[in-house]
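>>> sequence and predicted model, in that order:
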Amino acid sequence: MSDAASVEVPSVTEWTMEMLDAADLRPAPPPGAPMEFSRARVPSADVSRALYAAVGAPVCWTDRFPWTHADWRAWVGRPELATWIAMAEGTVAGFFEIEAQPGGDTEIHLVGLTPAFVGRGYGGHLVEQCVRRAWRRGRAWARDTGPATRVWLRTSTLDHPNAMANYRRRGFKVAAERTFAKTVPDPRAAPWPLPRDPRTAARPTEEELIQ
């Protein structure tokens, strides 16, 4: 883990939110530009870590800061976990990560936009598409795990200020609430150092570059 300064937030409220029927999902207004969604069929620790940092740093996603590269590989390589990447206007606009759990529980671990797309009307559509895919668990992804019977997620006062309202508008209801103190590392830090110093790496010669 990095040496980032940590601050104790004395009062963090966390909500568990759930949806018990696919019919409860309420569509969001379409965004100004089309969004395309692709499931990552080749698990990549590097891509997932980059998305986690890009989307999560502004809203204090720090729980995975201690993870090593091996931790990330083990996490994303499981057949019950699926990640979708959202594209809009020719670039990565966001992503979501969903897990098929025993008994039909389907958890949305992560869902969010990259900073350039926040506040532009993309968030509701992103959550809607995420939930639609969560309800298709066992067919479109995580095959042979059985159908989803409950889609759920966690959000907190450390999340984006509009997150809670967005989830409610899509049809989620609060199932549980707790308040606790939490130590939060500085999310601006880079918790995954490069394996070597690129400043001292051997550079190709001019002749090699021409070839």
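Noted; the coordinates are in hand.

>>> contacts for stretch 32-40, please.
When contacts are defined by CB atoms under 8 Å, 6 or more residues apart in numbering, stretch 32-40 is touched by residues 47-48, 76, 82-89, 93, 120-122, 125-126, 129, 133, 141. Where C-beta positions appear, they are placed from N, C-alpha and C, glycine not excepted.

>>> can you flag the buried ones in those residues?
47-48, 76, 82-86, 88, 93, 122, 125-126, 129, 133, 141 (16 or more other CB atoms under 10 Å).

>>> from the residues you listed, which land in strands?
82-86, 88, 93 (DSSP state E).

>>> buried residues of stretch 75-82, list them for me.
Neighbour-count burial for stretch 75-82 [16+ other CB under 10 Å]: 75-76, 81-82.

>>> what does stretch 25-35 give?
Result for stretch 25-35 [16+ other CB under 10 Å]: buried residues 25, 28, 31, 35.

>>> part of a helix, is residue 187?
No. Assessed with DSSP: H, G, I helix; E, B strand; the rest coil, residue 187 is coil; it does not lie in a helix.

>>> contact partners for it?
56-58, 60-62.

>>> rerun at 6 Å
For residue 187, the contacting residues are 57, 60, 62, by CB atoms under 6 Å, 6 or more residues apart in numbering.

>>> against residue 106, how distant is the residue nearest to the last one when sequence neighbours are not counted?
In this structure, residue 62 finds its nearest non-sequential neighbour in residue 185, 4.8 Å apart by CB to CB, 6 or more residues apart in numbering. With distances taken as CB to CB, to the nearest Å, residue 185 is found 29 Å from residue 106.

>>> which of the two has more neighbours?
residue 106 (27 against 19; other CB atoms under 10 Å).

>>> ok, the more buried one touching residue 134?
Yes. Using CB atoms under 6 Å, residue 106 is in contact with residue 134, at 4.8 Å.

>>> name the residues contacting each of the two.
In contact with both residue 106 and residue 134: residue 151, using CB under 6 Å, 6+ apart.

>>> elements contacting whichever strand or helix holds residue 74?
Taking DSSP states H and E as the criterion, residue 74 maps to helix 69-76. Contacts defined by 3 or more CB pairs under 6 Å, 6 or more residues apart in numbering; DSSP states H and E place helix 69-76 against helix 45-56.

>>> what about the helix it packs on, distance to the chain center?
8 Å (CA atoms, centre = their mean, to the nearest Å).

>>> in that helix, which residues are buried?
Those would be 45, 47-49, 51-56, for helix 45-56 by 16+ other CB under 10 Å.

>>> quick one: which of these is nearest residue 98?
Of all the buried residues of helix 45-56, residue 98 sits closest to residue 48, with 12.7 Å by CB to CB.
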